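>>> Build the 3D model from these lines:
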Amino acid sequence: MRTARVERKTKESHVLVELNLDGNGSINVDTGVPFFDHMLSQLGKHSGFNLTVKTTGDVEVDSHHTVEDTSLAFGQALREALGDKAGIRRFGDAMVPLDEVLVQAAVDLSGRPYLVHRQPEIVELIGTFDTTLGKHIWESIVAEAHIALHIRVLEGRNAHHVFEAQFKAVARALRDAVSLDGRVSGIPSTKGSL
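Residues are numbered from 1 along each chain as shown. Reported below is the predicted structural model:
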């Protein structure tokens, strides 16, 4: 089983992430930040991963530390669950509509962290959630997962839809990239490692 369990403890938060890449989309997410829970639930469900996230953080200050540390832990769990990456497809992409929004995501499980993120200006709050954390979520995941990720919001104006379609598109791209490919023997790289 391609699984990982990551605990991250700081003075600002305590995070537990359990990830199974070969799951069925079973999710159990509680970070204390309801909108972020909703987004992580989209990521787990649409990737087909089993995802458990339990975070307690200093949300009385704001949600920044909780969101950042959870994203870092998820990225680390993804990297660990992939192991040596033998037999994976490596690349994945998806184009996901959500009403007026259209998002394109592409991922390379390359071992090299790189993010390209394009989205229109949106309102600064969805309920109490700070939307300026959006790009930082992806930066944090990419930094710890060691993946290249491109996200482009091609159309859209509703902030909730813009966020949700990104999480769904990344989920579908990851689902494809982590899939085992019977035609691939060993590591999918001419270098021999990822």
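>>> Now stretch 185-194: buried residues?
Buried residues in stretch 185-194, defined by neighbour count with 16 or more other C-beta atoms under 10 Å: 187-188, 194. (C-beta placed from N, C-alpha, C; glycine too.)
>>> no, scratch that, I was asking about stretch 78-98
Neighbour-count burial for stretch 78-98, counted by 16+ other C-beta under 10 Å, picks out 78-82, 85, 87-90, 92, 94, 96, 98.
>>> elements contacting the helix or strand where I151 lies?
Taking DSSP states H and E as the criterion, I151 maps to strand 148-155. Of the remaining helices and strands, those touching strand 148-155 by 3 or more C-beta pairs under 8 Å, 6 or more residues apart in numbering; DSSP states H and E are strand 101-108, strand 114-118, helix 134-145, helix 159-178.
>>> CA atoms of that strand as CSV?
The C-alpha coordinates for strand 148-155 follow below in CSV (Å, rounded to 0.1, in the frame of the first residue of the first chain):
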residue,chain,number,x,y,z
ALA,A,148,5.9,20.7,-10.4
LEU,A,149,2.3,22.1,-10.5
HIS,A,150,0.7,24.4,-13.0
ILE,A,151,-2.8,25.9,-12.2
ARG,A,152,-4.6,28.3,-14.5
VAL,A,153,-8.1,29.7,-13.8
LEU,A,154,-9.2,30.3,-17.4
GLU,A,155,-12.6,31.7,-16.6
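>>> Tell me how many other residues surround the closest residue to F36 other than its chain neighbours.
If you skip the residues right next to it in sequence, F36 has V67 as its closest partner in space, 5.5 Å away by C-beta to C-beta, 6 or more residues apart in numbering. As a burial measure, the neighbour count of V67 was computed by other C-beta atoms under 10 Å and equals 28.
>>> next one: G127
By the criterion of other C-beta under 10 Å, G127 has 8 neighbours.
>>> element containing the closest residue to it other than its chain neighbours?
Once its chain neighbours are removed from consideration, G127 has its nearest residue in F35; the separation is 5.9 Å (C-beta to C-beta, 6+ apart). Using DSSP H and E, the element containing F35 is helix 34-47.
>>> ok so, going back, quick one, the helix or strand harbouring the residue nearest to F36 and helix 159-178 angle?
V67 is part of helix 64-82 when elements are defined by DSSP H and E. Interaxial angle of helix 64-82 relative to helix 159-178 (axes from the mean of the first three to the mean of the last three C-alpha atoms, to 10 degrees): 20 degrees.
>>> Tell me the neighbouring strands of the next helix or strand after helix 64-82, and mark each as parallel or antiparallel.
In the C-terminal direction, the helix or strand that comes right after helix 64-82 (DSSP H and E) is strand 91-98. The strands that strand 91-98 pairs with in its sheet are strand 101-108 (antiparallel) (by DSSP bridges).
>>> Can you tell me what sits against the partner strand?
Surrounding strand 101-108, the residues in contact under the criterion C-beta atoms under 8 Å, 6 or more residues apart in numbering are 90-97, 147-158, 161-162, 164-166, 168-170, 172-174, 177.
>>> quick one: average pLDDT of it?
Per-residue confidence for strand 101-108 averages out to 98 on the pLDDT scale.
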